[in-house]
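Visitor: with the input below, show me the fold.
(one chain, ligands or ions: 1)
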Amino acid sequence: MKILVIGGSGTIGKTIVKFFKKEHQVLVAGRSSEEYPVDIADTKSIKDLFRKVKKSGKVDAIICAAGEAKWAPFKELSEADFHIGLRSKLMGQVNVVRYAHKCLKRKGSVTLTTGILADDPVYQTSSAAMVNGGIHSFVQAVAIEMRKKIRVNVVSSGVVMDAYHKYENYFPGHPPIPMDKMLMGYRRSVSGRVNGEVIKIYS
Ligand SMILES: NC(=O)c1ccc[n+]([C@@H]2O[C@H](COP(=O)([O-])OP(=O)(O)OC[C@H]3O[C@@H](n4cnc5c(N)ncnc54)[C@H](OP(=O)(O)O)[C@@H]3O)[C@@H](O)[C@H]2O)c1
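Guide: Here you go, the predicted structure:
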């Protein structure tokens, strides 16, 4: 398979890239990528990326492990702060699905990334949790309409082991998710036949 990974240099993304590279061709995209630069908060940038990717042949799968949202106490979040998450993690990933057909083969898959905050939020995450929950509903709904063309799923994991040192204090009592376990969510979406699924890996 040929797989495009957006956010492929991040904690989750680089683990995904390393895993799929063993058996597949993997293209790595992100804001700081020289070969496949993209900012998912910018729709034109997504279209430009997909146009460039298509030049070397359509891909079998797109994985997005990118997207930001502002973390702060609810009372301190401005409307502009909420818009960071809406533009980047929410609409950024929605737009990846909207324009996927430009570089994705028929019956190919798109796998998005959210996280446990959708179901088990912690302090300071009203924006991030809201965005994750929105993506879960979007994926279930869009899959109904797209099932003859592409598959769309989302992997929602708890704090992953490789980022635990960074987030441990924000997630008291949350067990870290081993990277191998997290990877199985992406494998299930890319190599399996599931569609419209919110793949939850919370323990
Ligand atoms: N870490 C966890 O425990 C965990 C658990 C569940 C879910 N998540 C979610 O999974 C996603 C990735 O998390 P992570 O920990 O791997 O983050 P990370 O280490 O900060 O990596 C983020 C990756 O996405 C790229 N990126 C960020 N914003 C982008 C944008 N607007 N357009 C294109 N690429 C962008 C970054 O590269 P550039 O800077 O070069 O663009 C980088 O490759 C996030 O949405 C996060 O909320 C994380």
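Visitor: relative to G134, how far out is the most far-flung residue of the chain relative to its centre?
Guide: Relative to the mean C-alpha coordinate of the chain, counting by C-alpha atoms, centre = their mean, the farthest residue is K75 (27.6 Å). The gap separating K75 from G134 is 22 Å, by C-beta to C-beta, to the nearest Å. From N, CA and C alone the C-beta is placed, and that goes for glycine too.
Visitor: and for S56?
Guide: According to C-beta to C-beta, S56 stands 33 Å off from G134.
Visitor: show me which residues of the protein sit near the ligand.
Guide: Within the chain, the positions adjacent to the ligand are 6-7, 9-13, 30-32, 38-41, 65-68, 88-89, 92, 113, 115, 157, 159-160, 163, 167 by C-beta under 6 Å from any ligand atom.
Visitor: and those, which of them are buried?
Guide: Buried by 16 or more other C-beta atoms under 10 Å: 6-7, 9-10, 12-13, 30, 38-41, 65-67, 88-89, 92, 113, 115, 157, 159-160, out of those.
Visitor: quick one on the thing from earlier: who has more neighbours, S56 and G134?
Guide: Set side by side, S56 and G134 show unequal neighbour counts under other C-beta atoms under 10 Å, the larger going to G134 at 19 against 11.
Visitor: doesn't L90 make contact with that one?
Guide: Yes: applying C-beta atoms under 8 Å, one finds G134 in contact with L90, separated by 5.4 Å.
Visitor: could I get the full set of helices for this structure?
Guide: For the chain, the helices defined by DSSP state H occupy 11-21, 43-55, 79-85, 91-99, 126-146, 164-167, 179-191.
Visitor: looking at those, which is buried most?
Guide: A comparison of the helices of the chain by mean neighbour count, using mean count of other C-beta atoms under 10 Å, puts helix 91-99 on top with a mean of 21.
Visitor: neighbouring strands for the longest strand along the chain, and are they parallel or not?
Guide: Identified as the longest strand of the chain according to DSSP state E is strand 104-113. Based on DSSP bridges, the pairing partners of strand 104-113 within the sheet are strand 59-64 (parallel), strand 151-157 (parallel).
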